[in-house]
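Chemist: take this sequence and fold it.
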Amino acid sequence: MIDIAISAAERRSRKLKRWGLAGAAGLVVVLAAVFILRLAPAGPSVSKANLWIATVKKGPFSVTVSAPGTLVPRKIRLVTAGAPGTIQEVRVEPGDRVTTTSILAILSNPDLGDQVIEAGARLADAQASLISQEATLDDRLLTLEDTLSQVESEAQAAGLKAQAEKGLLAEQVVESLQYTRSRLTAASLAREVSLTRQRIADFRENQAAQIHAQRAQIDSLQAAYRSEEHELASLKVRAGRSGLAGVVQSVAVQEGQRVVLGSGIAKIAGMHALKARLEVPASEAAEVALGQPVELPLIYRGGIPRSTRRERVRAILDEMGMSHRLRHYPGQLSGGQQQRVAIARALVGEPSILLADEPTGNLDSKSGEAVMELLAALHERGATLFMVTHDPRYAQFADRLIRLIDGQIVDDVDVREGIHEGGLVTP
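Modeler: Predicted structure coming up:
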């Protein structure tokens, strides 16, 4: 390769050219930066699928809240053991469909078989005793009736004799003494007839009482025998109650396990009536208007027109002092207001039984008294209420007070009958 010398002028020319290009590039960058900085900030991009495009109108803005959920049965019944025993065989598993006659499990209890035999023997003995007793009493009654017949014949003969001698006495055919003797004999036999009839009447009453007592004993033994038979039959645990055919939810026993009377065997869910259990995220739950959760119990019942449901919701919220917040959301309510909404939801359906655990816990005194007045009105309409409270002011609303300390009942007062010494007294 041949080296060619570059003159000094050429080198200066190239150097100036590079500096010129660099300066031009820098100027372009500066101008672009100034242009970008002078532009207004661009808005964030949003997918059209997430937009709600509609005409602006005046009024409430309804938001649809949706969430995944699970269909669960409304009725789940626990099938229990009808007799003590040992689980010999389990015939179902969770998920199995069963009918009212399906056998869930088989228990063994040899003692029950012996008890049925003994109960049957006692019943047979009592029935035989009744037959023997009836025969004996009937025989004694026949004897008394035969005696009555004889005494009546003798009394009638004695009366005729005395009557005949009375006529002969006037003609002095018979002596006065003989006539007197005949008259006394007739009177004595007449009294004997009366006494015998009375004995027969008393005997009949006594006979009826004895037969009644024996039959009552037989009825008692029959009931005991049927109970023993029922216990023996209950060793085959069936799904049971008519109309509750469904699916086994869980089985609580296993083979070889010892169970007592009333032990849980399995849970069966009826599949004819289902309800949706939704899992609404907390972010979306805050968008549910106040009136909707209060209305849910009435919706679940079904058959109640929408207008009626809305009226009852508004009425119960008005009684709770919350009607002015009907369109508000949970995030706009205080803790006490949220508790009043929960109480309204429990009361709107007018339940026959209500369990209330500290219903006035987070409420001020005025709201607490309003809640207690609502509960008292519900009770007056026939509902049964069980309330747990630490406030003696509200305990006085109850008809019966039960005080517990460390899980033990230390006092039980029936307020309707008055308090007793050592009883719970509220100020």
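Chemist: show me where the chain has its helices.
Modeler: For the chain, the helices defined by DSSP state H cover 8-38, 110-170, 176-233, 282-285, 291-301, 306-319, 335-347, 365-380, 392-395.
Chemist: please identify the most buried of those.
Modeler: Among the helices of the chain, helix 335-347 has the highest mean neighbour count (mean count of other C-beta atoms under 10 Å), at a mean of 19. To be clear about C-beta, it is placed using only N, CA and C from the backbone, and glycine gets the same treatment.
Chemist: low-confidence ranges, the stretch 301-427 of the chain, go.
Modeler: Low-confidence segments of the stretch 301-427 of the chain (pLDDT under 70): 326-331, 415-427.
Chemist: which one of the helices of the chain has the poorest average confidence?
Modeler: Mean pLDDT is lowest for helix 282-285 among those, at a mean of 61.
Chemist: quick check: closest non-adjacent residue to the residue positioned nearest the centre of the chain.
Modeler: For the chain, Ile353 is the residue whose C-alpha lies nearest the centre (C-alpha atoms, centre = their mean; 8.8 Å). Leaving aside its sequence neighbours, Ile353 sits nearest to Thr384 (C-beta to C-beta, 6 or more residues apart in numbering; 5.0 Å).
Chemist: kindly report the same for Gln332.
Modeler: Using C-beta to C-beta, 6+ apart, the nearest residue to Gln332 is Arg325, at 7.5 Å.
Chemist: contacting residues around the one you found?
Modeler: Counting by C-beta atoms under 8 Å, 6 or more residues apart in numbering, Arg325 touches Leu290, Leu317, Gln332, Leu333, Gln337.
Chemist: and those residues, which two are the farthest apart?
Modeler: Distance extremes for these: the farthest pair is Leu317 and Gln332 at 14.5 Å, using C-beta to C-beta.
Chemist: now stretch 350-365: how far from the chain's centre is it?
Modeler: Offset of stretch 350-365 from its chain centre (C-alpha atoms, centre = their mean, to the nearest Å): 19 Å.
Chemist: so how far does it reach from one end to the other?
Modeler: 24 Å (C-alpha to C-alpha, to the nearest Å).
Chemist: that stretch: which residues count as buried?
Modeler: Buried residues in stretch 350-365, defined by neighbour count with 16 or more other C-beta atoms under 10 Å: Leu354, Ala356, Pro359, Thr360, Leu363.
Chemist: turn these into CSV, including distance to Leu21.
Modeler: As requested, the buried residues of stretch 350-365 are exported to CSV (distance: C-beta to C-beta, whole Å):
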residue, distance to Leu21
Leu354, 88
Ala356, 86
Pro359, 84
Thr360, 84
Leu363, 81
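Chemist: what is the nearest of these to Leu378?
Modeler: Leu354 (6.9 Å).
Chemist: neighbours of the spatially closest residue to the closest one that is not a sequence neighbour, just the number please.
Modeler: Leaving out its chain neighbours, the residue that sits closest to Leu354 by C-beta to C-beta, 6+ apart is Leu385, at 5.0 Å. Using other C-beta atoms under 10 Å, the number of residues around Leu385 comes to 17.
Chemist: would you mind measuring from Leu385 to Ser234?
Modeler: 35 Å (C-beta to C-beta, to the nearest Å).
Chemist: before we move on, the earlier item: correct me if wrong: the residue nearest to Leu354 contacts Ala377.
Modeler: No. Taking C-beta atoms under 8 Å as the definition, Leu385 is not a contact partner of Ala377, at 10.9 Å.
Chemist: coming back round to it: as JSON lines, the helices of the chain with distance to Gln254 would be great.
Modeler: Formatted as JSON lines, the helices of the chain follow (distance: least, C-beta to C-beta, whole Å):
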{"stretch": "helix 8-38", "distance to Gln254": "75"}
{"stretch": "helix 110-170", "distance to Gln254": "21"}
{"stretch": "helix 176-233", "distance to Gln254": "22"}
{"stretch": "helix 282-285", "distance to Gln254": "40"}
{"stretch": "helix 291-301", "distance to Gln254": "36"}
{"stretch": "helix 306-319", "distance to Gln254": "47"}
{"stretch": "helix 335-347", "distance to Gln254": "39"}
{"stretch": "helix 365-380", "distance to Gln254": "44"}
{"stretch": "helix 392-395", "distance to Gln254": "45"}
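Chemist: does Gly361 really touch Gln339, like I thought?
Modeler: Yes. Applying C-beta under 8 Å, one finds Gly361 in contact with Gln339, separated by 7.3 Å.
Chemist: is the closest residue to His272 other than its chain neighbours in a bridge, and if so with what?
Modeler: Spatial nearest neighbour of His272, excluding adjacent residues (C-beta to C-beta, 6+ apart): Gly246 at 7.8 Å. Counting by DSSP bridges, Gly246 is bridged to Val98, Gly270.
Chemist: surely Gly246 meets Met271?
Modeler: Yes. Under the criterion of C-beta under 8 Å, Gly246 makes contact with Met271 at 4.9 Å.
Chemist: between the two, point out the one with more neighbours.
Modeler: Gly246 (21 against 15).
Chemist: contacts only, for the more buried one.
Modeler: Taking C-beta under 8 Å, 6+ apart, we find Gly246 in contact with Pro73, Arg97, Val98, Ile268, Ala269, Gly270, Met271, His272.
Chemist: now swap in Gly69 and tell me
Modeler: With C-beta under 8 Å, 6+ apart, Gly69 has these contacts: Ala276, Arg277, Leu278, Glu279.
Chemist: again, only using 10 Å
Modeler: Residues in contact with Gly69, defined by C-beta atoms under 10 Å, 6 or more residues apart in numbering, are Lys275, Ala276, Arg277, Leu278, Glu279, Val280.
Chemist: just the buried members of these?
Modeler: Buried members of the contacts of Gly69, counted by 16+ other C-beta under 10 Å: none.
Chemist: how about those residues, which pair is most distant?
Modeler: Every pair of the contacts of Gly69 checked by C-beta to C-beta; the farthest is Lys275 and Val280, at 14.8 Å.
Chemist: kindly tell me how buried Leu107 is, as a neighbour count.
Modeler: By the criterion of other C-beta under 10 Å, Leu107 has 24 neighbours.
Chemist: burial of the closest residue to it other than its chain neighbours, as a residue count?
Modeler: Sequence neighbours aside, Gly85 is the residue nearest to Leu107 in space, at 3.4 Å (criterion: C-beta to C-beta, 6+ apart). Per other C-beta under 10 Å, the neighbour tally for Gly85 reads 25.
Chemist: correct me if wrong: Gly85 contacts Ile265.
Modeler: No. Checked against C-beta atoms under 10 Å, the pair Gly85 and Ile265 is beyond contact range at 11.0 Å.
Chemist: list residues touching both of these two?
Modeler: With C-beta under 10 Å, 6+ apart as the test, Gly85 and Ile265 both reach Ala105, Leu107, Val237, Val259.
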